[in-house]
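Asker: sequence? don't have it. structure:
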């Protein structure tokens, strides 16, 4: 249930609504919208709220009360009708200007991450990605450099002036990761690791939340809900391909998810064309498709020397390929009224 | 196996190759390429061709012999390295100029199809679509007007100067359909109706072949192979969404399929964003995505009055929506170096 | 909508109901049930039938009127509450006695089909399968022996006393196929070939209808509806595996489909464990699973010499493997109160 | 790579092999098989081991050296050819006697779990399940009673003499959970939570590992590998349904997975028919199917009063339904040479 306040409602009106929400056994979350405020009424979903509607509708300053049937509330456009812009340093994600985050799958060495950072910066990326903790299907695969990798990543970010984003796999690594990275990434395998989601919410850092490859769009929004419930509204949703019967590519890019997420939610939406295709040659056309469909940004793998990458080399762009990628993405962005 | 001839090979050289192919128990298909000719050697796939390679390699005029491991041969880029342009009247599908086919799901009345034809023509469509035979999941649903519908469709095409495309569901309707339509469509449910594929091949009419929603990319190419084997090379492949676990949209648009099909095959590739999303609001962003990803055309449902459509109303654009669709698609097309 | 008559309703009562159904613009199908008759009221699905309910409810002899929301009507248990038994010669499919149909994927030679027929008969199969028209993904693969294969199949059936089942791919082959085979099979690729479904309905021969690998359970029931609408009620539904992201097996056997189909429909249900697994070693455990879950029969590939089979050798049982299969299936059948 | 020792190999032979493995930069895991010992050679998968084969083959006591191409090693039958039996108190999981774990989805109250425990014990269950930490898609749903729930569960287990199994969602809850539960469950959403897998491995408690609904069979085996790598070999694999396009049931039970997992791995395999179907009426037929296909056990939801269950009521059996379930499962178990 969301309670939409009149544009003219006073602070006292709002307070009265909040008080009734809480005395009725619910939690109130306030969306402090530009035009009008919206109060989300949260609690265990099975409780019948229909009869409460009329109690709220008659309060002073209330314009209307909407029951939301969707199980996601705080991530819903009904709660937050305007597009939401995730501010992160100089970046305004979700604004007219598209943000490209780029860098290697894994941080492998000081030299590798520094080369990658310089290359992606030169080509126009505005965020540096690089993994220090790698969730690998097999325990016998390279697992990342850990804190040493974070140190190298932070240094490469500092030198190039790019904010850094890195994956966190465990709630108990959050303090450490937050010392090095401006932006947190929660990977596809952890999309429903609720302990991690809550803890990431508590850091108040911006979070890029990747869709699990076997998860529905509404499950992604419910996962985002776990972060938002902690009071952290800086969440960016990221499509990265789903598992289907089609085996010509590593995953199936769910391009429909872009306009659907933009319709259901106010949160910015990214695509990761590297994972969603799994093949360098298809990264650029699919990235352009995402921008044409309305995505707010891209996160893409670039490696100074993909042939020797310790993970995901097949889908990583060369620096020269990334320059071409940026040129082509920029042209499509302009065609849809945006910049890069 | 394909035999690539030298650019300087003579007609006699080619004839000698063909003779040896056929005396070895195979069929030869010739791709009369701009730079050089390629001979596809076809026969039952289980026959071992490896030892034949050396017999062909030593013939005069032969540049090289490639074994093709893929089960599709004539639809493969190895057989036909250049992009293929399907000529159909004034249209050159697969060229720099993108082709949009538009019109209602079903032909419902003279007035309806004429209104639709004028509207889509005015907005820039270059082909008129409309179904007279409707493959419906339920036998209790509207099944189309049959030949009466074809008459109306042909008349609307004539008046607006648009070539028409319509679905054929049965090999024994082909003669009738060919009297009214310039372009044949084989629907998703019939993608593996081999009798129909062969018969459509024999008509020598251009064929739009839609991917079955549960079929892999390589199965689509093998279905195209059935048409090509009959000597009809004017085939357009069409992605129209696949069935996956995601239920937010009617189907999942497999956007990866666009660059993958363009890489594996020389045939032009269309998207049907109406079926691949199932929802009017998502048709335009997904159509733009397809063009950004490299599609050669679009086939889209437009109805003068979608609320009363007898089929697919939910996913049909209004005429005004289609104008907006064309404007947005055109902008993206120009960004990728094409026109509409 | 179905109209359930009282047990005591007279022939005149029934006739009056039918007359009102037809004068209202619908078709009536009568289920002549053991205890009571049920009338299905069929017509284009979009017509609102709610207001008709009260007109029918007050007629003499009517017990109740049920609106059926499912798009399948004649294949629904609401229309036909009791299990339906498909009589075919000596076989009563859907009865307590489970029926196993077995034989090679393709008829390859007189000797091969005769050996196969004798072997499966000796081990307890009660129907002989064998393909003469093979729907192959690639036009370059073996396509079956055609009518010559049907002759061999019929002869093998005659000699062993087994009724034969064979796939028909095209409506225009039906007359020929019916001269040789007692039981028709419609394959997975043709599940939505509506011309073929209607024509098979008109033959009045029993039909085994295989589920398309990308089709939902309710789509299978709607495909069956096409056959039933022609007045042919002898339809057997067959699960044969669906396409999913799991690639360890050729398909994913949808075992849930067995109890779901038995609940939604009165029609008998078979499993084809050869196609649903694609691997000889998994055929027997999955066949046993189907019987345990309530399947009424199995159709399984057996080849006298699978290594040299021209199609599907990998998933075909050896004759000795089939004997073991039958022993194991029989034990499970008895555990669920049935025989083989 | 696995090194199979001769039956007659001495302890010194084995030690020499281990020394060479470790001096070559790998880890050695020893399967102390009944007939012969097998040494698994583990390390980062990308390292080429082919040339090492000949070094090991010539060592005294070595019978043969097999390269394992599969990315799972310790969970592979090549490493452990015999079936493995997970001993847990009185239970021998993977033996001829099938184990049924039953109980409510969530522990809701002392009375509820005690009633459930008595009912499932009386009907023949040998393990009590009940969740105290519930991974719910929505943060607004009931999340479980936490440690209070564990206390109630442990008490119910004590009184009925049933060992208890409960889900652990976070590595940092493991100590607490291990104080109350004999058996750990890792849920489908956490199948690739590698921190949790490793930590569960370190507890040395038996672990039931559920397959993620979007994960392939080989990914399940690689997840098991994370536990096994810690030296904990008591892992039970559990199929619980996968996400596919079929929406008639909550999930699609992948029955093929039972014989495939039994072939690829030595670990015992369970099915959870409650989650794999999502509907009480289909639980028993699908459970019987799993036993017929070779499953070693079942984990099933039973609630004293499913209508008021705080989670999963729709798929929970009533106590009387569970008695019937056990009778039917027992009959099928006996038909495949096992007991319950």
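Answerer: Great, that's in hand. None of these values were measured; they are calculated from a predicted model. Numbering: from 1, shown residues only, chains lettered A, B, ... in the order given.

Asker: the stretch 101-250 of chain A: helices as residue ranges?
Answerer: A:110-123, A:147-160, A:174-180, A:194-203, A:217-228 (DSSP state H, counting those that start in this stretch).

Asker: so which of those is nearest residue D:181?
Answerer: helix A:194-203 (18.2 Å; Cβ to Cβ). (Glycine included, C-beta is placed from N, CA and C.)

Asker: next, the angle from that closest one to helix D:194-203.
Answerer: If you take axes from the mean of the first three to the mean of the last three Cα atoms, to 10 degrees, helix A:194-203 sits at 130 degrees to helix D:194-203.

Asker: just checking, what packs against helix A:194-203?
Answerer: Contacts defined by 3 or more Cβ pairs under 8 Å, 6 or more residues apart in numbering or on different chains; DSSP states H and E place helix A:194-203 against helix A:174-180, strand A:183-186, strand A:207-210, helix A:217-228.

Asker: now do the buried residues in the second one.
Answerer: Neighbour-count burial for strand A:183-186 flags A:183, A:184, A:185, A:186 (criterion: 16 or more other Cβ atoms under 10 Å in any protein chain shown).

Asker: for the stretch 201-340 of chain A, just list every one of the strands.
Answerer: A:207-210, A:235-239, A:269-271, A:297-301 (DSSP state E, counting those that start in this stretch).

Asker: among the ones you listed, which comes closest to chain C?
Answerer: Distance to chain C, taken as Cβ to the nearest Cβ, is lowest for strand A:235-239 among the strands of the stretch 201-340 of chain A, at 16.7 Å.

Asker: and the closest residue to residue A:42 other than its chain neighbours, what does it touch?
Answerer: Using Cβ to Cβ, 6 or more residues apart in numbering or on different chains and skipping the chain neighbours, the partner closest in space to residue A:42 is residue A:27 (4.6 Å). Going by Cβ atoms under 8 Å, 6 or more residues apart in numbering or on different chains, residue A:27 touches A:21, A:41, A:42, A:43.

Asker: export those residues to TSV and tack on neighbour count, distance to residue B:236 and pLDDT?
Answerer: Listed next are the contacts of residue A:27 as TSV, based on neighbours: other Cβ atoms under 10 Å in any protein chain shown; distance: Cβ to Cβ, whole Å; pLDDT from 0 to 100:
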residue	neighbour count	distance to residue B:236	pLDDT
A:21	22	57	88
A:41	25	52	87
A:42	20	51	85
A:43	14	54	77
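
Asker: in strands only, show me these.
Answerer: A:41, A:42 (DSSP state E).

Asker: and the contacts of residue A:27, which is closest to chain D?
Answerer: The closest of the contacts of residue A:27, once distances to chain D are taken by Cβ to the nearest Cβ, is residue A:42, at 5.7 Å.

Asker: my read is that the closest one contacts residue A:229, right?
Answerer: Yes. Residue A:42 is within contact range of residue A:229, at 7.4 Å (criterion: Cβ atoms under 8 Å).

Asker: where do the contact lists of these two overlap?
Answerer: Counting by Cβ under 8 Å, 6+ apart, the common neighbours of residue A:42 and residue A:229 are A:29, A:74.

Asker: would you list the contacts of residue A:27 in TSV and tack on distance to residue D:254?
Answerer: Converted to TSV, those look like this (distance: Cβ to Cβ, whole Å):
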residue	distance to residue D:254
A:21	44
A:41	40
A:42	36
A:43	36
